[in-house]
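Peer 1: the sequence isn't on hand, but the structure is:
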């Protein structure tokens, strides 16, 4: 009996996710259609270009921050690997 409820809950969760995805697609289609019908589609590429530039800057900043954050961990891991390699050679 518990298995049936578990299966029904999973089915309902899957239906909810599918419905959410369909709503997202429908909203995207509606926005694109509205932009096309209102003749803003000639202006949209400029907006996309500006948005792409902002996203590129954010991506660059994120990459640099991640490199700075990860650098000490990578250095410590490399030092530990080198030290354990030297100790392993000494034991032979």
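Peer 2: Thanks, I have it. Here the structure is a predicted model, which is why all the values come from computation and not from measurement.
Peer 1: would you map the helices across the chain?
Peer 2: For the chain, applying DSSP state H gives helices covering 2-37, 44-91.
Peer 1: by how many degrees do the first one and helix 44-91 diverge?
Peer 2: For the pair helix 2-37 and helix 44-91, the angle between their directions (axes from the mean of the first three to the mean of the last three Cα atoms, to 10 degrees) equals 130 degrees.
Peer 1: dump the helices of the chain to JSON lines, plus mean neighbour count.
Peer 2: Every C-beta, even on glycine, is put in place using the N, C-alpha and C of the backbone. Output for the helices of the chain, formatted as JSON lines (neighbours: other Cβ atoms under 10 Å):
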{"stretch": "helix 2-37", "mean neighbour count": "10"}
{"stretch": "helix 44-91", "mean neighbour count": "10"}
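Peer 1: can you put the ones you listed in a markdown table and add mean pLDDT?
Peer 2: Supplementary listing: those in a markdown table, determined by pLDDT from 0 to 100:
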| stretch | mean pLDDT |
| --- | --- |
| helix 2-37 | 85 |
| helix 44-91 | 88 |
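Peer 1: how close does the residue nearest in space to the middle of the chain get to residue 74?
Peer 2: Among the residues of the chain, the one closest to the centroid is residue 59, at 11.4 Å (Cα atoms, centre = their mean). Between residue 59 and residue 74 the computed distance is 21 Å (Cβ to Cβ, to the nearest Å).
Peer 1: before we move on, what about residue 90?
Peer 2: On the measure of Cβ to Cβ, residue 90 and residue 74 end up 25 Å apart.
Peer 1: tell me the domain boundaries of this structure?
Peer 2: Per automatic domain parsing, the structural domains of the chain span 1-42, 45-92.
Peer 1: give me the distance from the shortest one to the chain's centre.
Peer 2: Which is domain 1-42. 19 Å (Cα atoms, centre = their mean, to the nearest Å).
Peer 1: kindly report the same for the longest one.
Peer 2: Centroid displacement of domain 45-92 relative to its chain, using Cα atoms, centre = their mean, is 17 Å.
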